[in-house]
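J.: Compute the structure for the input listed below.
(one chain, ligands or ions: 1)
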Amino acid sequence: MSDKEKQDQHKKLYAHVVANNVQSWTNNFLKRLLTNLSSFDQSFATPALDKTKLLLQYRQAKKRLFMFDYDGTLTPIVKDPQSAIPSDRVIRTLKTLASDPTNSVWIISGRDQAFLEEWMGHISELGLSAEHGSFMRHPNSELWENLTETTDMSWQQEVITVFQYYTERTQGSFIERKKIALTWHYRRADPEYGLYQARHCQKHLEMTVAKKYDVEVMTGKANLEVRPRFVNKGEIAKRLVKEYGDGPGKAPEFVLCLGDDFTDEG
Ligand SMILES: O=P(O)(O)OC[C@H]1O[C@H](O[C@H]2O[C@H](CO)[C@@H](O)[C@H](O)[C@H]2O)[C@H](O)[C@@H](O)[C@@H]1O
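T.: This is a model prediction of the structure:
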């Protein structure tokens, strides 16, 4: 970084520090502390999966549907999104699972088509859904269905402008442009300042772009993502349950969904 860039960054950070007095910094700190403490309440924690029961039900079922999230579920969370690649063990397990004709295995991810194709595309029996439900590729097919084909995308430029504003003011943050969904990452920024900026950015988007267009601003793992509201992982899950079900209103005998994020709750 050049001296000029260092000076500019320092100016911005200094302006942020002096923008509040001691009382307001203390209040913010206490508020965050109390929020964190209350989030340790385990009363809503997801119960551990009963593996024996799972195996029994798996063996008894004649038709099974699996829906897996990618980041944080099939790969651990890492600093650089491009480095989140599946291990050999994960690939082997997915291959084995998907090669059983009684199983339908889908990866439903926020990732774009190119990334999913690169790391999962060679397992032809897998179904893929990219960009939070914007695209679908069925097992044994190379064709992607675009579920947003007729949607107005003018919101994207407005989101990019807002994301750029925060990127310039948040050292280490960057924008990931996908075909439909847009993501602002702050994992490489100072954690507290990144979160602080993300909250402001989210409010900014909700007060502007999200009022004008039917889009949703989602908070992910050290990121903010924007996509059309009508495409989401839940809608894909509903479609698949219907598609692989045993007739009208009847889900497959065995359905297993695995995810690690709010966006996976659909
Ligand atoms: O729906 P997912 O498959 O879970 O994808 C959600 C987003 O994941 C990626 O970002 C997250 O993972 C990165 C790699 O571990 C991490 O660096 C980043 O902080 C996380 O937010 C991905 O880059 C996004 O496009 C996905 O939407």
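
J.: contacts, neighbours, all on C-alpha from now
T.: Fine.

J.: Can you classify the residue most central in space within the chain by secondary structure?
T.: With distances taken as Cα atoms, centre = their mean, residue 110 lies nearest the centre of the chain, 4.7 Å away. Using DSSP: H, G, I helix; E, B strand; the rest coil, the structure places residue 110 in coil.

J.: Wait, it touches residue 131, no?
T.: Yes: in terms of Cα atoms under 8 Å, residue 110 counts as a neighbour of residue 131; the distance is 4.1 Å.

J.: Near the ligand, which residues of the stretch 1-150 of the chain? Just list them.
T.: Within the stretch 1-150 of the chain, the positions near the ligand by Cα under 6 Å from any ligand atom are 69-72, 77-81, 84, 109-111.

J.: From these, list just the buried residues.
T.: Taking 16 or more other Cα atoms under 10 Å as the criterion, what is buried in these is 69, 70, 71, 84, 109, 110, 111.

J.: on that earlier part again, now the residues of the stretch 1-150 of the chain next to the ligand in JSON lines, with distance to residue 30 and pLDDT?
T.: Supplementary listing: these in JSON lines, determined by distance: Cα to Cα, whole Å; pLDDT from 0 to 100:
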{"residue": "69", "distance to residue 30": "35", "pLDDT": "97"}
{"residue": "70", "distance to residue 30": "35", "pLDDT": "98"}
{"residue": "71", "distance to residue 30": "32", "pLDDT": "97"}
{"residue": "72", "distance to residue 30": "30", "pLDDT": "96"}
{"residue": "77", "distance to residue 30": "29", "pLDDT": "96"}
{"residue": "78", "distance to residue 30": "29", "pLDDT": "96"}
{"residue": "79", "distance to residue 30": "28", "pLDDT": "94"}
{"residue": "80", "distance to residue 30": "31", "pLDDT": "95"}
{"residue": "81", "distance to residue 30": "32", "pLDDT": "96"}
{"residue": "84", "distance to residue 30": "35", "pLDDT": "97"}
{"residue": "109", "distance to residue 30": "36", "pLDDT": "97"}
{"residue": "110", "distance to residue 30": "34", "pLDDT": "97"}
{"residue": "111", "distance to residue 30": "36", "pLDDT": "98"}
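
J.: so which of these comes closest to residue 56?
T.: Using Cα to Cα, residue 69 is the member of these that sits closest to residue 56, with 23.5 Å.

J.: residues contacting the closest one?
T.: With contacts defined as Cα atoms under 8 Å, 6 or more residues apart in numbering, the neighbours of residue 69 are 107, 108, 109, 258, 259, 260, 264.

J.: Kindly recompute the last result at 10 Å.
T.: 75, 106-111, 129, 132, 233, 257-261, 263-264 (Cα atoms under 10 Å, 6 or more residues apart in numbering).

J.: Please flag which of the residues you listed sit within helices.
T.: Residues of those located in helices (DSSP state H): residue 233.

J.: residue boundaries of the strands in the stretch 101-250 of the chain?
T.: For the stretch 101-250 of the chain, the strands defined by DSSP state E, counting those that start in this stretch occupy 103-108, 126-130, 135-137, 144-146, 174-177, 182-185, 215-220, 223-228.

J.: Same list (those) but as TSV, adding mean neighbour count and mean pLDDT.
T.: What follows is the strands of the stretch 101-250 of the chain, written out as TSV (neighbours: other Cα atoms under 10 Å; pLDDT from 0 to 100):
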stretch	mean neighbour count	mean pLDDT
strand 103-108	24	98
strand 126-130	25	98
strand 135-137	22	98
strand 144-146	14	97
strand 174-177	16	98
strand 182-185	24	98
strand 215-220	18	96
strand 223-228	22	97
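
J.: a markdown table for those, including distance to residue 33?
T.: Shown next, in a markdown table, are the strands of the stretch 101-250 of the chain (distance: least, Cα to Cα, whole Å):
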| stretch | distance to residue 33 |
| --- | --- |
| strand 103-108 | 34 |
| strand 126-130 | 36 |
| strand 135-137 | 40 |
| strand 144-146 | 43 |
| strand 174-177 | 27 |
| strand 182-185 | 24 |
| strand 215-220 | 20 |
| strand 223-228 | 21 |
